[in-house]
Each structure stands twice: as structure tokens, then as C-alpha cells.
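Asks: next comes the sequence, and after it the predicted model I'd like to discuss.
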Amino acid sequence: MAHDSHGGTARAILYAFLANGGIAIAKSVVAWITGSGSMLAEAIHSYADTGNQVLLFLGLKQSRRAPDEEHPLGYGKLSYFWSFIVALMLFTHGGLFSIYEGMHKLQHPEPLSQIWLAILVLVIAIVLEAFSLAGCVREINIIRAKRSFRAWLQQTRNSELVVVLGEDIGALLGLALALMFVSLAAVTGDPTYDAIGSMCIGVVLLVISVFLALRIRSLLVGRSADPMIQEAIDSIIADDDDIQLVFNAITIQLGPDTLLAAKIKMTPGIDIETAVGQINELERRLKEQVPGLKWCFVEPDLTDYSLL
């Protein structure tokens with residue numbers, strides 16, 4: 001069964017970090033030389049993305065910390081926290097700043113110089129960002145198994161990959177818009193197009209950041225495990241001949257780890273020691289066969305009192 005890979009997520013973040021870091025430096029130099037607002041907006045966006053990758057790495061590392069007395073279920077949800085912070089930073093440092101810069105340039109237009117240099121850097125940046133996006137998509141294809149890309153996006157509990165995907169798509173759209181409006185400014189000689197481009201980039205980043213924040217919000221609140229994991233758990237329990245009935249099997253995704261709490265009715269007539277042994281064996285099989293299942297609590301009962 002395919003599952004979200006820690007190593008694959010780290011590689012996708014690394015691709016984005018390297019691409020955005022190099023692109024940010026190049027954009028900054030060109031923005032300073034040409035005076036382009038669109039280029040400055042894109043430079044700020046790339047710096048924000050580079051910093052965001054550091055935060056995602058931090059969340060990925062912290063989510064692997066061992067449980068302790070104050071956090072008995074571990075620190076898995078820290079990955080969601082840092083992913084949400086990244087979405088907020090994309091909203092403020094990326095979207096709002098780009099709109100502000102565009103409005104400023106619109107009110108106080110300045111002629112652009114050496115636009116050919118800006119266009120050259122934008123084309124190179126598009127190529128580099130495309131490689132970053134391709135790396136992210138490649139890691140997603142490994143873990144999504146037979147699901148469609150849209151189904152994976154709706155069902156995944158991997159906040160870091162979703163954020164990297166959103167940032168890469170936002171970066172490519174922003175670069176394409178910057179290239180288009182800077183080219184229009186070059187052809188017409190009207191710097192107003194550059195200001196409009198900066199505001200358009202800001203709107204794109206705002207939309208993507210809101211989408212990411214809404215996706216991560218449900219994970220912070222507490223979301224069940226990936227449907228593929230849930231199906232695997234249900235299948236293993238259903239195949240156990242010692243279980244007569246499953247009252248419920250609740251899962252919660254805690255970052256890279258999954259928690260299962262199940263209430264079952266066992267075959268009548270067995271003694272306590274036998275029941276304990278069968279439950280322990282079931283929990284062992286579940287943890288062995290379901291990737292990421294770290295906590296497993298199976299409770300025997302005669303009826304489901306939660307329905308009373």
C-alpha cells in the first residue's frame with residue numbers, strides 16, 4: 001500500500017529551496033538594475049518561498065520528535081502548524097506586498113531600464129521553477145498510487161507536499177505574469193503594465209495562500225487517516241475470524257503518524273486471557289501491515305454504548 005513518504009517530502013522541499021534561493025538572488029539584482037515592480041514583487045515572493053522551505057524542513061524534523069510526558073502522542077501535528085505559518089507568510093509577504101508594490105508603482109510610475117535583462121532572468125527562472133514543480137509532482141506520483149491527482153489532493157494528509165505544490169504552481173504563474181507584463185511594458189514603453197503585473201501576481205498568491213490555509217485548517221482541527229489507510233485497517237480487522245462485530249474504528253492523522261481506536265465484539269465464550277492474546281495479535285498485525293500506524297487501541301465490548 002502506498003503512503004506519504006517522509007523522504008519524498010524532504011526531497012520535494014529541497015528541490016523548491018534550491019530553485020527559489022537561486023531565483024530570488026537573480027531577481028533581486030535585476031529588480032535593482034531595471035527598477036521593475038513586477039520583478040521586485042517576484043523577488044520578494046521567491047525570498048518568502050525560500051524561507052518557507054526552511055520552516056517546512058523545521059516542521060518535518062520536529063514532527064519526528066519522540067513522545068514525552070507532556071506530549072504522549074508525540075509532536076506530529078507540528079508539521080501542520082508550520083505549514084499553516086507558511087500559508088500565512090505567503091499571504092502577507094507574497095500576496096499583500098505584491099499588491100502594495102503594484103499600487104505604489106501605479107501611482108508613481110517609473111521608466112524601466114535594461115528590460116531585456118529582466119526578461120532573460122524570468123525565462124531562466126521559469127525553467128528552474130518548472131524543474132522544482134516536476135520534482136514535487138514526481139514525489140506525489142510515487143505516493144498517490146492509483147488515485148487521480150485530484151483525488152490525492154483532496155485526500156492527502158501530507159501538508160508539506162501540498163504547500164510545496166501550491167508554492168511551485170504560484171511561482172510559475174507569477175513568473176508567467178511577470179514575463180507577460182514586463183514584455184508589454186518593454187513593447188509599449190508604458191511602465192503601468194509593470195505595476196498591473198505586480199498586482200496580478202499578488203492576487204494569485206492571495207488565492208493560493210487562502211486555499212492552502214483552508215486545507216491545513218482541517219488537519220489542525222483533527223482529520224481522519226488517509227482513506228487508503230482506513231481501508232487497509234478495515235480490511236485487516238474484517239479478515240480476523242476472532243472478531244464477530246466492529247462497532248467503530250476511528251482514526252486520527254497526527255502528522256506522519258496515525259492513531260487508531262477501535263471497539264469490537266469478539267467471538268462469545270472465550271476467556272479473558274484468550275481475548276487479550278487475540279487483541280494483542282490483532283494490534284501487532286495492524287502496526288506491521290499499515291505504514292504509519294503508530295498508536296493502536298482496540299477495546300472489546302458487548303455493545304456500542306455510544307449509540308445509547
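Replies: Right, received. Where do you want to start?
Asks: spatially nearest residue to residue 27, not counting backbone neighbours?
Replies: Leaving aside its sequence neighbours, residue 27 sits nearest to residue 43 (Cβ to Cβ, 6 or more residues apart in numbering; 3.6 Å). All C-beta spots, glycine's among them, are computed from the backbone N, C-alpha and C.
Asks: can you point out the buried residues in the helix or strand harbouring the one you found?
Replies: Assessed by DSSP states H and E, residue 43 sits inside helix 37-62. Of the residues in helix 37-62, 37-53, 55-57, 59-60, 62 count as buried by neighbour count, 16 or more other Cβ atoms under 10 Å.
Asks: which residues does the residue nearest to residue 27 contact?
Replies: Applying Cβ atoms under 8 Å, 6 or more residues apart in numbering, we find residue 43 in contact with 24, 27-28, 31.
Asks: which sections of the stretch 201-308 of the chain are below the confidence cut-off?
Replies: For the stretch 201-308 of the chain, applying pLDDT under 70 flags the ranges 304-308.
Asks: quick one, helices of it?
Replies: Under the criterion DSSP state H, counting those that start in this stretch, the stretch 201-308 of the chain contains helices at 227-238, 272-289.
Asks: so which of the ones you listed is nearest residue 74?
Replies: Smallest distance to residue 74 across these (Cβ to Cβ): 14.9 Å, for helix 272-289.
Asks: packing partners for that closest one?
Replies: helix 227-238, strand 257-266, strand 293-300 (3 or more Cβ pairs under 8 Å, 6 or more residues apart in numbering; DSSP states H and E).
Asks: which residues does the helix or strand just after the helix holding residue 43 contact?
Replies: Using DSSP H and E, the helix or strand that follows helix 37-62 in sequence is helix 78-89. By Cβ under 8 Å, 6+ apart, the surrounding residues in contact with helix 78-89 are 48, 51-52, 55-56, 58-60, 62-63, 65, 159-160, 162-163, 167, 209, 212-213, 216-217, 219-220, 255-256.
Asks: could I get the average pLDDT for helix 78-89?
Replies: Mean pLDDT, helix 78-89: 91.
Asks: mind listing what's buried along whichever helix or strand comes after that helix?
Replies: Going down the chain from helix 78-89, the next helix or strand is helix 97-107, by DSSP H and E. For helix 97-107, burial by neighbour count (16+ other Cβ under 10 Å) applies to 97-99, 101-102, 105-106.
Asks: the nearest residue to residue 240 once chain neighbours are set aside and residue 226, how far apart?
Replies: Spatially, and ignoring its direct neighbours in sequence, residue 240 is nearest to residue 282 (5.8 Å; Cβ to Cβ, 6+ apart). As judged by Cβ to Cβ, to the nearest Å, residue 282 and residue 226 stand 21 Å apart.
Asks: which of the two has more neighbours?
Replies: More crowded of residue 282 and residue 226, by other Cβ atoms under 10 Å: residue 226, with 24 against 20.
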